[in-house]
Each structure stands twice: as C-alpha cells, then as structure tokens.
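[1] Sequence first, predicted model second:
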Amino acid sequence: MDEENDLLNTNVIMRILTETEKSEDKDRRIQAFDAYQCYSGNQAPYVRQQIERNRPTSAKGYTISNISISKMITDKRAQAYSEEPIRKVSDSDDKTELYDEILKEGSGNEELEFFDKTFNLHKYGLMWVNYRQKEQMYQFMSLQPYEFILVRDKDTGKLLIVGLNYPDTEITQNSRTGANRDPGMKSNTSDGIADLVAEGQTDGAAESKTWVFWSDTQVVKVVRRTTTVIQNGVEVLKPSITYIPIEGNPDNVNPLGTLPFVYVSSDTSVDYPTINPLTEQSITFNAQQSETLTAKNVHGSGVQVFKYPERMAGRFQKMSHGQLSAIELPQSSKEGDSTTEFDYKTSGAQIGPMMDSDTGYLTQIMKEHGIENFEMDSGVNAMNGISRAISGASVQKIIEHNQKRYHRLEKAMFKIVARWEQVIGSRRISEDDELMIIFPKPKVMVSDRETLENIKMMLELGLIEEHEKFIKMDPNMTEEEAKEKLERIEAKKMENAQRFLGGFNDNQSERVDQEGEPESEGFIGGTEAEG
C-alpha cells in the first residue's frame, strides 16, 4: 500500500484536510455553492449584495431583478440527454435489458441529465456509482463540486482519493446574505435537531466536519474536531481526527478494488478547470437590470418645488377634483416680494439607452457561452423576451461535444457496475462485457419553413439526392431508412395516380350526348377536332 495515501494514517487525512481548508480550494467550493444557488433559484441575495456594494446608501430602495440567465444558458447547453441514448451490452438483449433495469432502479437516467446540467454549470462533475447492500439496489448520484474534494496523480491525472462531505457555514454564508434581517426573527444557526429534520442547504445546521474518504483499496469515515490547548502558556487551536466505524466493514476495505467514481472535466489538466464566469455574469446582469427597473419605477415620480415669500408660508390650499389635484398659490402684494411659483422636477432617466445597454451585455454573455444564431430584440427587459431569444438559439456543436464526453462517462460507469456485480456475487454483467452507446443527433434549430426551403434549393442544385431530404428533416434517420421511405412515397404516388387515371377513364367512357349515345373521343365540347 502507498503510505502517502494510506487512509488509516491520521497524518494523511490531516494533510488532505489542511490542503482543503486553504484559500484556493475553499474559494473553489464557495464559488461552486454560489453557482448552484444562483442556478437553482436563490439568486436574489447575491444580486442585492452587489447592489449594496455599488449603492450602499440607496440599495434598500432598489427593485431587484432576478432573471436567472445562469439557468437559462445552462439548461440550453445541457441537452445531451433530451432524448435517451440507445444502449447495447455485448450484443445481448438479455444483458441490455438488465442494464436498463439497473439504470432505472438507481435513477441513472435522471442523474445523467442532472450531471449534464452540473457539468455545463461548473465545467466539471463527479458521478458516484454506488450499491446499497441493505436495499440490494444500485444508486447513481451526480455530485456538486462543493460536496467533494479530489486527490489526483500530478503526472497522469488519475484519481487517487475522493473525499465527500456537506458544506459548512463558511461555504454557505453568502447565500444567506439578506436573509432574516428582522432582529426579532431567528438567526441562521444550528437548531440542534439537524440530525432529525431535513433543512435547507443554506441553514447553519448544514455545518459538518464529517468526511468520507475513498481510495482504490480503502474507505474511511472521519470527524475532524478542533480543540483548544495550551502551548507555551498560550491558547491555540489544535485539530484532531477521529475515525467512525463503518457498519459491516471493520477493516475499512473498499470491496471494489477501484474508486466507484467517474470524474469528467472540460479540459485535460490535472487541476480543476478555470471557474465558469456565467454565475458572476448572471449576477452582474441582474444588478444592471435592477438599475433599469428602478429607474423605470421612479421615472413617473418627481419632486415638487415651491418658491414663495417667507410670509406666505402655510397659506396654500390643496383642491382635488376626481384623480386630479391642484394647489392654490396666493401671491404677495408687498412691493419687492418675489412671485409664488410651483415646479415639478422629474428624474429624466434615460430609460432607452439603459435598456439597450442591458441587451448588449446579455448578448455578449450568450455569445461567450456558445449560444449562436439568436435574435435579441432591442430593449428586451422581460423574462419572456430573453427566454424567446435563448430558446431560438443554436447549441448543436456544444451538445455533440458533450455527448462525446458522456460516451466515455457512461462506459466508465458501466465498468464500475460490472465490478459491483462481481463483488455482490450476481455476475449478471461481466467485466469483459462492452457497452455500446448511440446518442441521437441534435436537430439544427431552424424553422420548418427554412429547412424546407434549404432542401428544395439543394435538390434543384443537385447537391443532395432525393432520399437525403428525409435525413435533413430527421438527422437520426439512416440512409437505408430514408431510401425505404422514398420508395414507399413513390409507390404511393404511383398508386394514387393510377387510381385517378383509372377513375377518369371510367368517367369518360360513361359520358353520353344529349341523345343518349356515348360521346365520340374525337369531339371537344361538341365540335370535331381538326386532323
């Protein structure tokens, strides 16, 4: 056993956790938690926090925009599993059906869809292929980056150790900004019953120092505690590690002999990929949009300004008629006094340029994340306008590129399932079996009218054969299927033509002239045809 990665050595565990608590990795997990919060609907506190930094004295009066551009763009890119892929196990129908059942009982397909979203949001993700011995069922779990840490070989990038935990309050504190501001309300601290009642991810009770670590050969559960000790007459905090026994596994052995995890990254670096800027861009866009919304709200209001001699104070009367109001302004009769005046000052906010600025920034965000061929109306400032622009955009290249990654992901998942099958003794799937995966090709996002016009033009120019027009309409159709469909359509056309001509001839033979004799075919409209 590699002593540097011996999980039963407290020094190894302490070294890993010390690295984890350093600023760089902690910042990574904080950013990942914030990204998922903004994606999943808790974006407003982050927007308000940015407005408070930019407008500390007037932030309370702002209308907060909360359009999750992060979710819209992520969901648009994450369409690799919009149609379930075709899976085949070693040309065996029985094993194929069995693997489909394994995925179904362990929510495999749902977790793969979630993994797609996680990957597009963070640019990396971890899939856990677990077997629950008590329930005798598989469990597939797509983990968020703030839930795990990785130890990898610095040369090959191979996973050596995976650590799992839940985020503590240092990770979740930003998402609670702006919550429970009322001093009479309960603060976000542990309520002492977190072990019994499930609570929100942002609740302080989520704080946990319990970790589970896996390597190829070991699995351990530990609790990290910090105690105060006296050293040289000074109180210092000293961390300690306590192992928690794992039921049914007193020797802390990983029965698989390999890690039950598959790591997928957007690049080949042994380190985590560069942070996806989408979350920060979404927050900034909404802060900018909040400026626009607030300006629109105050545009219809203004400030009333009175100018009058001092002696006229308190002598003004308000008169109302319906929804209109008027003010009686008495004038001073004393020579030299200024006249009494009333002015109404509006904000004069330049709403149009502000909305155009929002649209321009959103367009830049979409293009940066590969959202192509979309139309953005000038001055778009509503959810439906942004949704319409994103829904009509093209992400075909992104989907196909992700499907190539997930092809490798699913093959690795299958190998872990095969290893579990050997461990539990069922051997229904062998490690020699191979998984074949075919992802449906995504359709190009153009209208049916544009597609038909393009097909017609290509046929006229001789760029495609007749049967290829069906493939243009449905990329998942094979060439053989297209040819068969063309033959069926041509045969149907011929059948209809023959039926029509046969009926026409029958009708012609039954036509008679006014005297009851059949009309001659040599006559048209009762006149003999020349020649």
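    Okay, I see it.

[2] Counting by contacts, list what the top helix by length along the chain packs against.
    If you go by DSSP state H, the chain has its longest helix at helix 479-510. In this structure, helix 479-510 packs against helix 468-473, with contacts taken as 3 or more CB pairs under 8 Å, 6 or more residues apart in numbering; DSSP states H and E. Where you see a C-beta, it was placed from the backbone N, CA and C, and this is true even at glycine.

[3] how much distance is there from the longest helix of the chain to the middle of the chain?
    Relative to its chain's centre, helix 479-510 lies at 49 Å (CA atoms, centre = their mean, to the nearest Å).

[4] now the end-to-end length of stretch 76-93.
    34 Å (CA to CA, to the nearest Å).

[5] which parts of it are buried?
    For stretch 76-93, burial by neighbour count (16 or more other CB atoms under 10 Å) applies to K76, R77, A78, Q79, A80, Y81, P85, V89.

[6] closest to K307 among those residues?
    K76 (56.7 Å; CB to CB).

[7] tell me the SS of the closest residue to T156 other than its chain neighbours?
    Leaving aside its sequence neighbours, T156 sits nearest to V270 (CB to CB, 6 or more residues apart in numbering; 7.8 Å). What DSSP: H, G, I helix; E, B strand; the rest coil gives for V270 is coil.

[8] Could you number the chain from 41 rather than 1 from now on?
    Got it, the first residue is 41 from now on, which makes the last one we talked about V310.

[9] Could you check how far M406 is from I439?
    16 Å (CB to CB, to the nearest Å).

[10] mind listing what's buried in stretch 94-104?
    Burial within stretch 94-104, assessed by neighbour count using 16+ other CB under 10 Å, is assigned to R95, A99, Y102, I104.

[11] Next one: the third one from S322, what distance?
    For Y102, the distance to S322 (CB to CB) stands at 17 Å.

[12] Could you do the first one as well?
    When CB to CB is the yardstick, R95 and S322 sit 19 Å from each other.

[13] And for Q328?
    From Q328 over to S322 (counting by CB to CB), the distance is 11 Å.

[14] for the stretch 391-540 of the chain, what spans make up the strands?
    475-478 (DSSP state E, counting those that start in this stretch).

[15] Name the single longest strand found in the protein.
    Counting by DSSP state E, the longest strand found in the chain is strand 259-271.

[16] Neighbouring strands - and their directions - for that one?
    In the sheet, strand 259-271 lines up against strand 250-254 (antiparallel), strand 274-284 (antiparallel) (DSSP bridges).

[17] Show the subsequent helix or strand relative to the longest one.
    For strand 274-284, the succeeding helix or strand toward the C-terminus, using DSSP states H and E, is strand 301-305.

[18] by contact count, what packs against that following strand?
    In terms of contacts (3+ CB pairs under 8 Å, 6+ apart), strand 301-305 is packed against strand 164-172, strand 199-204, helix 436-464.

[19] From E151, how far off is the residue nearest to M453 when sequence neighbours are not counted?
    Excluding its sequence neighbours, the residue lying closest to M453 (CB to CB, 6+ apart) is V169, at 5.4 Å. As judged by CB to CB, V169 and E151 stand 10 Å apart.

[20] which residues do the two both contact?
    The contact sets of V169 and E151 overlap at F180 (CB atoms under 8 Å, 6 or more residues apart in numbering).

[21] Can you pick out the residue with more neighbours from the two?
    Taking V169 and E151 together and counting by other CB atoms under 10 Å, V169 has the greater number of neighbours (25 against 21).

[22] residues in contact with the more buried one?
    Applying CB under 8 Å, 6+ apart, the residues contacting V169 are Y178, F180, P300, F301, V302, M453, I456, V457, W460.

[23] for stretch 261-279, which positions count as buried?
    Buried residues in stretch 261-279 (16+ other CB under 10 Å): K261, V262, R264.

[24] Just the local confidence number for the first one, please.
    Here, the pLDDT recorded for K261 equals 94.

[25] For the closest residue to it other than its chain neighbours, the count of nearby residues, please.
    In space, and not counting its chain neighbours, K261 is closest to I284: 4.3 Å by CB to CB, 6+ apart. Per other CB under 10 Å, the neighbour tally for I284 reads 12.

[26] So I284 versus N149, what's the distance?
    Taking CB to CB, one finds I284 at 33 Å from N149.

[27] cool, and Q371?
    81 Å.

[28] neighbour-wise, which of those two wins?
    Between Q371 and N149, counted using other CB under 10 Å, N149 has the larger neighbour count: 15 against 12.

[29] hang on, the more buried one packs against E123?
    No - using CB atoms under 8 Å as the test, N149 is too far from E123 to be in contact (11.0 Å).

[30] Now do the spatially closest residue to G203 that is not a sequence neighbour, the pLDDT please.
    Leaving aside its chain neighbours, G203 sits nearest to I189 (4.4 Å; criterion: CB to CB, 6+ apart). If you check I189, the pLDDT there is 93.

[31] Now do the strand or helix carrying I189: everything it contacts.
    Per DSSP H and E, I189 falls inside strand 188-192. Here strand 188-192 makes contact (CB under 8 Å, 6+ apart) with 45, 56, 60, 65, 69, 166, 198-205, 303, 310.

[32] now the residue nearest to T196: how far from L369?
    For V310 relative to L369 (CB to CB), the value is 78 Å.

[33] How is E64 assigned, secondary-structure-wise?
    E64 ends up helix, using three-state DSSP.

[34] what's the neighbour count on it?
    10.

[35] same check, this time on K533
    10.

[36] repeat for L143
    Around L143 there are 22 residues (other CB under 10 Å).

[37] who touches it in this structure?
    Counting by CB under 8 Å, 6+ apart, L143 has contacts N149, F180.
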